[in-house]
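Novice: quick one, fold the following:
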Amino acid sequence: MDPLRNPKLADVITSHIEQMILEGVLRPGERLASERDLAARLEVSRPPLRDALERLVQRGLLRTTPTGTHVAHFLTPLTSPLASLLHGNPRVVNDYFEYRELVEGPATRLAALRATEVDRQAIRACLDRLEEAHGVEDPSRETELDADLHMLLYETAHNLVVLQVMRAFSELLRSDVFYSRHTLYLSSGTRETLLAHHVAIGEAVIAGEADRAEAQATTHIRFTAEALRRLREEEVRIGQSLRRVGRTEMLG
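Specialist: Below is the predicted model of the structure:
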């Protein structure tokens, strides 16, 4: 048998790439290197690599496009119908933050306890980018880095279930299913407080201070929930005022 087509090698490659996707090393939407480059980097021949990639496409973990092979958004079959169910439901925001408070503090504690030097460097770099983006008037970049930092913290917790579940929620959050992060950042004084929270959380994790990291994460979630509650109440009051101003349109 031709050793280049040894099915056991294809199994090994398949398992290796699966593990990288599970651990968040390869992330949904990312494009893999070309088949030639990938074979060289993995130090394997192209036929078993091709077999492995085909298997992963069939399993829904990879997808092929004219631009190459990408990690599939494999959680979409779950999150798309979930987004439809959650969007616009008045309970969702409160329930979401209640869930986040249950998860965020303990996950951040794990991050502080389990962070590797590589993790700490990644968090430090993200904090530096956050502080740089904070100096720009438009908060769009800062809102994206906000999400990136939280995902880094979940990765640093080194819990695969937490990572994948929270990645699904992160995608919903980026789609404004729960609330608009951009609107939150435009609220007076909120942007400064959020930056301070993110820096405090990141610094505690980098320092390995688990108690402080958990407390800062919990404070951050509670502040964000309260800030959004105030925004919603203000929107209701503004709506009422506008209806009073325009009430004559309803009169004969």
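
Novice: okay, the residue nearest in space to the middle of the chain: pLDDT?
Specialist: Centroid-nearest residue in the chain: Ser170, 3.8 Å away (criterion: Cα atoms, centre = their mean). As predicted, Ser170 sits at a pLDDT of 77.

Novice: could I get the contacting residues of it?
Specialist: Residues in contact with Ser170 (Cβ atoms under 8 Å, 6 or more residues apart in numbering) are Ala147, His150, Met151. C-betas here are computed from N, CA, C, even on glycine.

Novice: reformat those as CSV; add distance to Arg232.
Specialist: As requested, the contacts of Ser170 are exported to CSV (distance: Cβ to Cβ, whole Å):
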residue, distance to Arg232
Ala147, 21
His150, 22
Met151, 26
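
Novice: quick one: which of these has the most company?
Specialist: Within the contacts of Ser170, neighbour counts (other Cβ atoms under 10 Å) peak at His150, which reaches 23 neighbours.

Novice: helix or strand: which one has it?
Specialist: Element membership of His150 [criterion: DSSP states H and E] is helix 140-156.

Novice: so what does that helix touch, helix or strand wise?
Specialist: If contacts are counted by 3 or more Cβ pairs under 8 Å, 6 or more residues apart in numbering; DSSP states H and E, helix 140-156 sits against helix 92-114, helix 117-134, helix 160-174, helix 181-186, helix 190-207.

Novice: any idea which of the ones you listed gets closest to Leu61?
Specialist: Nearest of those to Leu61, taken as Cβ to Cβ: helix 160-174 at 12.2 Å.

Novice: gap between the closest one and the chain center?
Specialist: Its chain's C-alpha centre and that of helix 160-174 lie 6 Å apart, by Cα atoms, centre = their mean, to the nearest Å.

Novice: would you map out the domains in this protein?
Specialist: Domain ranges of the chain: 3-71, 77-245, per automatic domain parsing.

Novice: could you check how far Phe169 is from Gln19?
Specialist: Separation of Phe169 from Gln19 (Cβ to Cβ, to the nearest Å): 23 Å.
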